[in-house]
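> Could you work out the structure for the sequence below:
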Amino acid sequence: MKQRPAMIAIAVIMSGLLCACTTGRAPDGPTASTAPPLAAATRARSTTVTTEMKGFYRRYVAAVRQSHAAAEALVRSHVAGWYLPILDAPPGAAVDPVDCGLRGVVTDWSFKQVGVLGGQVVIAIGSRPRSAEQGLWIVVTAAPATGKITGITCSIGGADVTRIGARDAAVSLYSYYIRARRQGASAPAVVARLLEGGPTSGSSYLRQVRYAFARQELTHDPVTCAAKGVPDVAVGPPRIVAGRTVGVIMASAHRIRVVVTIVLSAKGWTVGDIACPRRSVATAAR
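Just a heads-up that it's a prediction; the model follows:
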C-alpha cells in the first residue's frame, strides 16, 4: 500500500507523455525548450544568407566590369551545382540571368528576406532606377545551410500578380506536365510543347531548361525536382512578393518540397523559376 502513491505518480507522468506524443504537442518543462534554439538558429542563418547575398551581388557587379571569366568564376562559387546547367543558358532579350538587368550600384538595391519556404531562404532584391517607370525585382532562393543559390527569378515590367492567378498558373503547369509525362512523353518533349504556345511560351526558365536538356547536363527533372519517376505534385497557397510582381509557391512532389515562382508576362501568368532542394538532386547525381 505504501507504493501506491508512487505508482499513481508514475502513471500520471506516463499519461502526460502519451498525450503529448499522440497530439503532437511537446510536454511542458525542460524537454520543450529544445525547439526554440533550433528555430532561432534557422532564423539567424537565414539572416546571414541575406547578408551574404548582398555581398555576392556587390562582387558580381564588380566582376562583370572586370571580365566574363571573373563573373563566371564568382557565379560558380556561389550557385548550387545542379542549378548551374540551367543558369548557363544564353540569356534572353540580352538580360543577364544573374542580375536581371538591374543597373546602378548594389548599395542602391534593397535586400529583403521574404522567409524560409520549403527549406529554402527566399530573398527579394529590388531597385528603381531614376529613368524606370516602376521597380525592377529579382527573387532569389538559397539553401540556408550553405547560402548556395538554387534559383533566380527576373521580374522586369511585370506587376499585379494575384494569389489566384499565381496558383492557377502553377496548377496548370503541373497538371499538364504530369499528365503528358505519364502518357509516355519525355521531359524535354513536354518542355518543348509548353514553349510552343500559351503563357508558358514566355517562360525564360523553361527556355533555360530546354537548353540544359539539349546539352544533356541535367541529372534530375527540373520541373518536379524528382530523381526518377513522375510523382504527384500538390500546389500550396501562393505568397505575393517583390512589389506584387512575383508569386512564391511551395509545391510538394511526394517528399520533395519544390519552390515555384510565378510572374506575369505579356502572355499571362507563367513560371519564373523552380528551385529544387539539395537532397533530391544530390540523390539524382549519384
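> Under the pLDDT cut-off, which ranges of the stretch 51-200 of the chain? List them.
By pLDDT under 70, the low-scoring segments of the stretch 51-200 of the chain are 91-94, 129-134, 156-158.
> Do a quick rundown of the helices in it.
68-78, 84-87, 163-182, 187-194 (DSSP state H, counting those that start in this stretch).
> between the helix or strand following the last one and helix 163-182, how many degrees?
When you say that, I think you mean helix 187-194. Where DSSP states H and E defines the elements, the next helix or strand beyond helix 187-194 is helix 204-214. Calculated by axes from the mean of the first three to the mean of the last three Cα atoms, to 10 degrees, helix 204-214 forms an angle of 20 degrees with helix 163-182.
> closest to Val233 out of the helices of the stretch 51-200 of the chain?
With Cβ to Cβ as the criterion, Val233 lies closest to helix 163-182 of these, at 4.4 Å. Where C-beta positions appear, they are placed from N, C-alpha and C, glycine not excepted.
> From the rest of the structure, what touches the closest one?
Under the criterion Cβ atoms under 8 Å, 6 or more residues apart in numbering, residues 187, 189-190, 193-194, 199-200, 223-224, 230, 232-233, 235, 237-238, 240, 247, 249, 251, 260, 262, 264, 268-271 lie in contact with helix 163-182.
> hang on, the earlier thing: dump the helices of the stretch 51-200 of the chain to a markdown table, plus mean neighbour count and distance to Ala214.
As requested, the helices of the stretch 51-200 of the chain are arranged in a markdown table below (neighbours: other Cβ atoms under 10 Å; distance: least, Cβ to Cβ, whole Å):
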| stretch | mean neighbour count | distance to Ala214 |
| --- | --- | --- |
| helix 68-78 | 14 | 20 |
| helix 84-87 | 19 | 11 |
| helix 163-182 | 18 | 18 |
| helix 187-194 | 18 | 8 |
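> JSON lines please, covering the ones you listed and showing distance to Pro144.
Formatted as JSON lines, the helices of the stretch 51-200 of the chain follow (distance: least, Cβ to Cβ, whole Å):
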{"stretch": "helix 68-78", "distance to Pro144": "14"}
{"stretch": "helix 84-87", "distance to Pro144": "19"}
{"stretch": "helix 163-182", "distance to Pro144": "23"}
{"stretch": "helix 187-194", "distance to Pro144": "28"}
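> Those: which one's closest to Thr146?
Of the helices of the stretch 51-200 of the chain, nearest to Thr146 by Cβ to Cβ is helix 68-78, at 9.5 Å.
> other SSEs contacting that closest one?
Here helix 68-78 touches helix 35-66, helix 84-87, going by 3 or more Cβ pairs under 8 Å, 6 or more residues apart in numbering; DSSP states H and E.
> So what touches that helix?
Outside helix 68-78, the residues that touch it by Cβ under 8 Å, 6+ apart are 56, 59-60, 63-64, 84, 87, 98, 147-149.
> thinking in terms of the whole chain, how far from its middle is it?
Offset of helix 68-78 from its chain centre (Cα atoms, centre = their mean, to the nearest Å): 21 Å.
> Pull out the buried positions in stretch 258-277.
Buried residues in stretch 258-277, defined by neighbour count with 16 or more other Cβ atoms under 10 Å: 258-265, 269-277.
> I'd like the mean pLDDT over that stretch, please.
Averaged over stretch 258-277, pLDDT sits at 92.
> same thing with stretch 220-228?
The model assigns stretch 220-228 a mean pLDDT of 93.
> Narrow the contacts of helix 163-182 to those in strands?
233, 235, 240, 247, 249, 251, 260, 262, 264, 268-271 (DSSP state E).
> Tell me which two of these sit farthest apart.
Of all pairs drawn from the ones in strands among the contacts of helix 163-182, the greatest distance, 21.7 Å, lies between Val233 and Leu264 (Cβ to Cβ).
> Counting neighbours, what do you get for Gly118?
21 (other Cβ atoms under 10 Å).
> residues contacting it?
So Gly118 contacts 250, 257-259, 275, 277 (Cβ under 8 Å, 6+ apart).
> Stretch 128-147 spans what distance, first to last residue?
From its first residue to its last, stretch 128-147 covers 26 Å (Cα to Cα, to the nearest Å).
> buried sites along that stretch?
For stretch 128-147, the neighbour count (16+ other Cβ under 10 Å) marks 128, 135-144, 147 as buried.
> mind putting those in TSV, distance to Leu117 included?
Below are these laid out as TSV (distance: Cβ to Cβ, whole Å):
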residue	distance to Leu117
Arg128	25
Gly135	22
Leu136	22
Trp137	17
Ile138	16
Val139	11
Val140	12
Thr141	8
Ala142	11
Ala143	12
Pro144	11
Gly147	16
